[in-house]
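Chemist: Have a look at this prediction, sequence included:
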Amino acid sequence: GQNIDQPTEMTATEGAIVQINCTYQTSGFNGLFWYQQHAGEAPTFLSYNVLDGLEEKGRFSSFLSRSKGYSYLLLKELQMKDSASYLCAVRGAAGNKLTFGGGTRVLVKP
Amino acid sequence: NAGVMQNPRHLVRRRGQEARLRCSPMKGHSHVYWYRQLPEEGLKFMVYLQKENIIDESGMPKERFSAEFPKEGPSILRIQQVVRGDSAAYFCASSPPASETQYFGPGTRLLVL
């Protein structure tokens, strides 16, 4: 089975940096995804990691350590519009289905 | 290029009625996934389909729920004899063959009275 853990909520200030951690225990691993979801909207794809290391994409970066079952999403130069839930999801070794964590709600304050 | 389309966006049903949720994948995408999101909870996988085939239905409740993705037309998630516990947001995602990334539609919010 799969178990994905991430903090429920985080608060940060506009212009600051926030790091959202995600740990997972899985029976197989074939990639980790981060999605952003604004309230009442669809999840939108942010990043995909399948190899260890850091993937940088503008203000957002994602890191993966497969040996530790650990990933983080780093949001830099926070903007008010970054207030949203951030979903960590793992694809198992068999098949394409994604197993999601509960999501981390990030609140950006002025 | 239009994204994943879902309709209706909102659906209200009384207990015992049927709910039909439709999903049109992005152009060129032949893989469709359905997920359910209960209030204040994470997304839960339900079923993975390719054209005319159910590939993985390990997340589907054993009764009342069915899904199809016909050769022509949208994918349909059907819930028979709905109960209040079926109230949730149902998201469809699609991907092209041999792609890791799933792209999500706007969801259908089902409310069972």
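Modeler: Cool, got the structure.
Chemist: so what's residue B:5 up against?
Modeler: B:23-24, B:74, B:105 (Cβ atoms under 8 Å, 6 or more residues apart in numbering or on different chains). (Glycine included, C-beta is placed from N, CA and C.)
Chemist: how near is it to residue B:78?
Modeler: From residue B:5 over to residue B:78 the distance is 18 Å, taken as Cβ to Cβ, to the nearest Å.
Chemist: Over to residue A:86?
Modeler: Distance from residue A:86 to residue B:78, by Cβ to Cβ: 32 Å.
Chemist: before we move on, what about residue A:27?
Modeler: Remark: distance between residue A:27 and residue B:78 (Cβ to Cβ) = 30 Å.
Chemist: Settle it for me: which of those two has more neighbours?
Modeler: Taking neighbours as other Cβ atoms under 10 Å in any protein chain shown, residue A:27 and residue B:78 compare with residue B:78 leading, 13 against 9.
Chemist: Show the end-to-end separation of stretch B:38-49, please.
Modeler: Using Cα to Cα, to the nearest Å, the end-to-end distance of stretch B:38-49 comes to 22 Å.
Chemist: and it, which residues are buried?
Modeler: By 16 or more other Cβ atoms under 10 Å in any protein chain shown, the buried positions in stretch B:38-49 come out as B:42-43, B:45-49.
Chemist: same thing with stretch B:54-68?
Modeler: Taking 16+ other Cβ under 10 Å as the criterion, stretch B:54-68 shows B:56-57, B:59-60, B:65, B:67-68 as buried.
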